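Visitor: 3D, please:
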Amino acid sequence: MSETLRNSVKTMVKETFEGPPVPVKGSWFTSFEPNSGIFGVIEGMSCDQASISVHGTTVAAHTDHIRYHMWGTNEIIKNGKQPKMDWEKSWEIHSVDEQQWNRIQVELRNEYVTLLESIDAIEWNELLANEVLSSLAHSAYHLGAIRQMLKVVKR
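Guide: I've put the predicted structure just below:
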């Protein structure tokens, strides 16, 4: 993969999780506000807010589902094959206490850092390129879902 494309992928992944660069000079697809990526959107959210059901799911479930998907991506990068994954189980979180909510956020950040570090070290092939780009798209999709849920959660 060319250095230009690798840097572009990293920029999009960073915007998904961290929001646009500060000071905000523009955004590719998130809001122009600082903290409009996944980390900023869930930052300061209480475990009670993260546990509010919106149409049968919670922000905590979405956040952990993003982590789970990213873990799978990191495993594919590391081992070259898809790990056994239980997608239904990844949606089983209905409520969290403060400790669980903090753990989900820390584990998501760890998977994010691992992915960013891996992007620089990957021996790229079509499978890995598709996997990294699908992880980006998947995370961006859930960022949008969480932002919509916040309209209910933060009322």
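Visitor: give me the neighbour count for residue 56.
Guide: The number of residues packed near residue 56 is 8, by other Cβ atoms under 10 Å. C-beta: built from backbone N, CA, C; applies to glycine.
Visitor: how close does it get to residue 62?
Guide: For residue 56, the distance to residue 62 equals 12 Å [Cβ to Cβ, to the nearest Å].
Visitor: mind checking the longest helix of the chain?
Guide: Counting residues, the longest helix found in the chain (DSSP state H) is helix 126-153.
Visitor: how far is that helix from where the chain is centred?
Guide: The chain centroid and the centroid of helix 126-153 are separated by 6 Å under Cα atoms, centre = their mean, to the nearest Å.
Visitor: equivalent analysis for stretch 104-112, please.
Guide: So, by Cα atoms, centre = their mean, the centroid of stretch 104-112 is 9 Å from its chain's centroid.
Visitor: ok, back up a step: which other helices and strands contact the longest helix of the chain?
Guide: helix 3-18, helix 38-42, helix 59-79, helix 98-121 (3 or more Cβ pairs under 8 Å, 6 or more residues apart in numbering; DSSP states H and E).
Visitor: pretty sure residue 9 contacts residue 137?
Guide: No - Residue 9 is beyond contact range of residue 137, at 11.4 Å (criterion: Cβ atoms under 8 Å).
Visitor: which one of those two has more residues nearby?
Guide: The residue with more neighbours, out of residue 9 and residue 137, is residue 9; 20 against 12, by other Cβ under 10 Å.
Visitor: and the lowest-mean-pLDDT helix or strand in the chain with helix 126-153, angle?
Guide: Least confident helix or strand of the chain, by mean pLDDT, DSSP states H and E, is helix 3-18 with a mean of 88. Helix 3-18 and helix 126-153 are oriented at 20 degrees to each other (axes from the mean of the first three to the mean of the last three Cα atoms, to 10 degrees).
Visitor: helix 3-18 vs helix 98-121, what angle?
Guide: Using the same axes, to 10 degrees: helix 3-18 against helix 98-121 is 170 degrees.
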